[in-house]
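Student: with the input below, show me the fold.
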Amino acid sequence: MSAAPRRRLELLAPARTAEIGREAISHGADAVYIGGPAFGARAAAGNSLADIAGLADFAHRFHARIYVAVNTILRDDELEDARRLAYQCWDAGVDALIIQDMGLLEVDLPPLALHASTQCNIRQPEIARFLAQVGFSQLILARELTLEEVAAVRAAVPPTTSLEYFIHGALCVAYSGQCYISHAHTGRSANRGDCSQACRLPYTLQDAQGRIVAHQQHLLSLKDNNQSANLEALIDAGIDSFKIEGRYKDAAYVKNVTGHYRQLLDRILERRPDCIAASSGRTQLLFTPDPGKTFHRGATDYFAHGRQDDIAEFATPAFVGLPLGTVTRVASDCFELEAAAPLANGDGLTWLNRREVVGTQANRVEEIGQAGDNSLWRIWLAQPLATLPGLSPGTRISRNRDPSWEQALAKRSAERRVAVRAEFSDSADGYQLTLCDSDGISATASVVFAYQEAQDPDAAAARLRSALARFGNSDFLLQDLHVRCSRTGFLPDSLAKELRREALARLAVARLAAHVRPRRLAASQVAPAYPQQALSYLANVFNGAARAFYARHGVQLIASAYEAHEEAGPVSLMITRHCLRYAFSLCPRQAKGVIGVQGEVRAEPMTLINGDERLTLKFDCQACEMHVVGSIKPQLLREVTAIPNRR
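Tutor: Residues are numbered from 1 along each chain as shown. Reported below is the predicted structural model:
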């Protein structure tokens, strides 16, 4: 009986630019996702096709993959441009497209593999099964799924369908693809790549009687996702691709977080013979990764283990940083701090003052003594202390900028190499060098040279090995060198180096030729029925091709996307598992059994207020979800986008 194939685990990193994509690959990513010149869900993170082609060439050297996000909903007049872009991505060497709009399945596409975006709101096993049946090879699951829900999806789809899960980065408070608040308030559509991030604003929360529950807090702002402790549990639940959020993030973030998860996954792979990395080569980091040192809003593993109390960060959506120490004394021009870690000139310092983050920069620092295991520091700031509220003895200080850390990441901070075994041998008219890498790919180079007896065989052999072993800045790392010659002779260093260079060049070419791009999976011969007979605006149908797709799969009633402006009255602008009743211990389920509380089945609505904006919160207690309800602004209703053949 043959052994079961090993599972290929993919670390998937973001790239705002092709250069950042290269850094992601160098720091251990098995794949990179990036925006193209148009139609990406991060409108300000587009890249030229020439840059993407260069990135693909670099990634394929390590058999890593490049995925291009074409994951906005499309107007009818955009479908042809999107179709053309798909072919251009194919020609550029891209390995897969990430899409949301089902209208693209109705047009002629290249044989590129298709990934279903998280904007498709993949939460139910039935939806996942349907998407696998119509040709998606990878499904990006909703961030809100628990480990048990992931396992249920895994059981519903074929083993050949890869499941992708966000493991790090910013969290959208709404189910992805189910947030319309930005479009309703500003005309900027999240489903069109232009979210205004209303979730990061401060709000006041009122109950049904008008009483203030919370005043001017960031009630829809979540902490950042961090699944560092759950990777193996996610593997066991059926996840194949581990995705880092951040197509707007800088190179330092991508280097640091990718390196962090590469190390964690490598430790798991070392003890799990059933799994293997999805690309080639080993990464050596030239720094110690620490996700806490790059921008974050605190950390949560969200709903991986079910509902928790601490998934939101109401105080601020800013980066507070890592705890540093406590103020011991404040003078007129400086203050003193007891800290466990060393400080440096230029450090960014923060503290909370009445729920607001105050931030400044340390102009100069001086170590002035010890306090037990901690050091005492005197700090002069870049601005007058009188202008900085809340700084007093006992104030807890954090550091959100570490210049020494930033300088380390600004330099070359990782090396990635593919292990190689080499064999040097003689032939009838000279010598040859054969290289075989860890994937079993080999290449041979030869040189013509008449045999010459070595005057000092041992010295000649040592020089030969030294010349052949200098792999320099190539993609390869020599593990073993075997010399198998019938007799010991002399070979000039120049010819040995030429032989080495030619063998390495041929191996690089052979590796690129051996990279196999995945192809689009064939859809089921019989069109599967979509699990629902009627679709509301929540299905995001924005063009006639998407309407035809759902009709072909048995859907009878198909409403237009919210962006079509057919929903003039109040609707759910945001649907979220984050629940403010639960966060403030007002959930009926929490109240059951408490004396004097009835524990009603359905919770009363509440109101969110930000300036003139008033949003109604309705609670679906059976589904354990919160709906943020509101209407599109009247002036935006006049900007109707025509969609042919809506009915």
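Student: for Glu367, phi and psi?
Tutor: Phi and psi for Glu367, reported as degrees, to the nearest 10, are phi -80, psi 130.
Student: contacts only, for it.
Tutor: Contacts for Glu367 (CB atoms under 8 Å, 6 or more residues apart in numbering) come out as Pro342, Leu343, Ser375, Leu376, Trp377. C-beta coordinates here come from the backbone N, C-alpha and C atoms, glycine included.
Student: list only buried entries from those.
Tutor: Using 16 or more other CB atoms under 10 Å as the burial test, the contacts of Glu367 include Leu343, Ser375, Leu376, Trp377 as buried.
Student: please tell me how far the spatially closest residue to Ala469 that is not a sequence neighbour sits from Ser466.
Tutor: Nearest non-adjacent residue to Ala469, counting by CB to CB, 6 or more residues apart in numbering: Leu478, 5.3 Å away. The spacing between Leu478 and Ser466, counted by CB to CB, to the nearest Å, is 11 Å.
Student: so those two - more neighbours on which side?
Tutor: More crowded of Leu478 and Ser466, by other CB atoms under 10 Å: Leu478, with 17 against 11.
Student: please identify which helix or strand holds the more buried one.
Tutor: If you go by DSSP states H and E, Leu478 is part of strand 476-484.
Student: check which residues of that strand are buried.
Tutor: Residues Phe476, Leu477, Leu478, Leu481 are the ones in strand 476-484 that count as buried (16+ other CB under 10 Å).
Student: could you list every helix and strand that the lowest-mean-pLDDT helix or strand in the chain packs against?
Tutor: One helix or strand of the chain scores below all others by mean pLDDT, DSSP states H and E: helix 588-591, with a mean of 75. Using 3 or more CB pairs under 8 Å, 6 or more residues apart in numbering; DSSP states H and E as the contact criterion, no helix or strand is in contact with helix 588-591.
Student: neighbours of the nearest residue to Pro393 once chain neighbours are set aside, how many?
Tutor: Of all residues not flanking Pro393 in the chain, Val327 sits nearest, at 5.5 Å (CB to CB, 6+ apart). Neighbours of Val327 under the rule other CB under 10 Å: 18.
Student: okay but Val327 is in contact with Cys334, surely?
Tutor: No: using CB atoms under 8 Å, Val327 makes no contact with Cys334, being 11.0 Å away.
Student: which SSE is the residue nearest to Pro393 in?
Tutor: If you go by DSSP H and E, Val327 is part of strand 322-330.
Student: give me the contact list for that strand.
Tutor: Here strand 322-330 makes contact (CB under 8 Å, 6+ apart) with 292-293, 335-341, 343, 349, 371, 374, 376-377, 385, 391-400.
Student: and that strand, what's buried?
Tutor: Those would be Leu324, Gly325, Thr326, Val327, for strand 322-330 by 16+ other CB under 10 Å.
Student: given that strand, what are its sheet partners and their directions?
Tutor: Here strand 322-330 has these sheet partners by DSSP bridges: strand 335-339 (antiparallel), strand 396-401 (antiparallel).
Student: give me the low-pLDDT residue ranges for the chain?
Tutor: Residue ranges of the chain with pLDDT under 70: 1-3, 591-601, 638-647.
Student: distance check, the residue sitting furthest away from the middle of it against Gly489.
Tutor: Using CA atoms, centre = their mean, the residue of the chain lying farthest from its centre is Gln455. It sits 59.6 Å away. According to CB to CB, Gln455 stands 11 Å off from Gly489.
Student: related to what we said a few turns ago, export the buried ones among the contacts of Glu367 as a markdown table, with columns for distance to Glu566.
Tutor: Conversion of the buried ones among the contacts of Glu367 to a markdown table gives the following (distance: CB to CB, whole Å):
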| residue | distance to Glu566 |
| --- | --- |
| Leu343 | 58 |
| Ser375 | 64 |
| Leu376 | 65 |
| Trp377 | 61 |
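Student: now the two most distant members of these.
Tutor: Leu343 and Leu376 (10.7 Å; CB to CB).
Student: mutual contacts of those two, please.
Tutor: Common contacts of Leu343 and Leu376 (CB under 8 Å, 6+ apart): Leu337, Glu367.
Student: what's the strand holding Leu478 packed up against?
Tutor: For strand 476-484, the contact count by 3+ CB pairs under 8 Å, 6+ apart identifies strand 414-426, helix 457-469 as packing neighbours.
Student: do that again at 6 Å, thanks
Tutor: Applying 3 or more CB pairs under 6 Å, 6 or more residues apart in numbering; DSSP states H and E, we find strand 476-484 packed against strand 414-426.
Student: C-alpha coordinates for the strand it packs on, PDB please?
Tutor: Provided in PDB are the C-alpha atoms of strand 414-426 (Å, rounded to 0.1, in the frame of the first residue of the first chain):
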ATOM      1  CA  ALA A 414      16.700  37.100   5.400                       C
ATOM      2  CA  GLU A 415      18.400  34.600   3.100                       C
ATOM      3  CA  ARG A 416      16.500  31.800   1.300                       C
ATOM      4  CA  ARG A 417      18.300  28.900  -0.200                       C
ATOM      5  CA  VAL A 418      17.400  25.600  -1.800                       C
ATOM      6  CA  ALA A 419      19.600  22.700  -0.600                       C
ATOM      7  CA  VAL A 420      21.800  21.000  -3.200                       C
ATOM      8  CA  ARG A 421      23.900  17.900  -3.400                       C
ATOM      9  CA  ALA A 422      26.800  18.000  -5.900                       C
ATOM     10  CA  GLU A 423      28.800  15.300  -7.600                       C
ATOM     11  CA  PHE A 424      32.100  16.100  -9.500                       C
ATOM     12  CA  SER A 425      33.400  13.400 -11.800                       C
ATOM     13  CA  ASP A 426      35.800  12.900 -14.700                       C
END
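Student: may I have the strands that pair with it, each with its orientation?
Tutor: Partners of strand 414-426, by DSSP bridges, with direction: strand 282-285 (antiparallel), strand 430-437 (antiparallel), strand 476-484 (parallel).
Student: could I get the ones you listed as CSV with distance to Val150?
Tutor: Output for the strands paired with strand 414-426, formatted as CSV (distance: least, CB to CB, whole Å):
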stretch, distance to Val150
strand 282-285, 27
strand 430-437, 34
strand 476-484, 36
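Student: ok, back up a step: which of the strands paired with strand 322-330 is buried the deepest?
Tutor: strand 335-339 (a mean of 21; mean count of other CB atoms under 10 Å).
Student: can you name the next helix or strand after that one?
Tutor: Per DSSP H and E, the first helix or strand lying C-terminal to strand 335-339 is strand 348-353.
Student: distance between that following strand and the chain's centre?
Tutor: Chain-centre distance of strand 348-353: 28 Å, with CA atoms, centre = their mean, to the nearest Å.
Student: and that strand, what does it pack onto?
Tutor: Partner elements for strand 348-353 (3+ CB pairs under 6 Å, 6+ apart): strand 356-371, strand 396-401.
Student: to Arg470, which of those lies closest?
Tutor: That would be strand 396-401 among the helices and strands packed on strand 348-353, by CB to CB, at 40.3 Å.
Student: in the next helix-or-strand element following the closest one, what's buried?
Tutor: Using DSSP H and E, the helix or strand that follows strand 396-401 in sequence is helix 403-410. Using 16+ other CB under 10 Å as the test for burial, helix 403-410 gives Trp405, Ala408, Leu409.
Student: for helix 403-410, give me every contacting residue.
Tutor: With CB atoms under 6 Å, 6 or more residues apart in numbering as the test, helix 403-410 has contacts from Ala252, Lys255, Phe287, Lys293, Ala344, Gly346.
Student: wait, what's in contact with the fifth one?
Tutor: The contact partners of Ala344, taken as CB under 6 Å, 6+ apart, are Ser404.
Student: do the last one as well
Tutor: By CB under 6 Å, 6+ apart, the contact set of Gly346 is Pro403.
Student: phi, psi of it?
Tutor: phi 90, psi 0.
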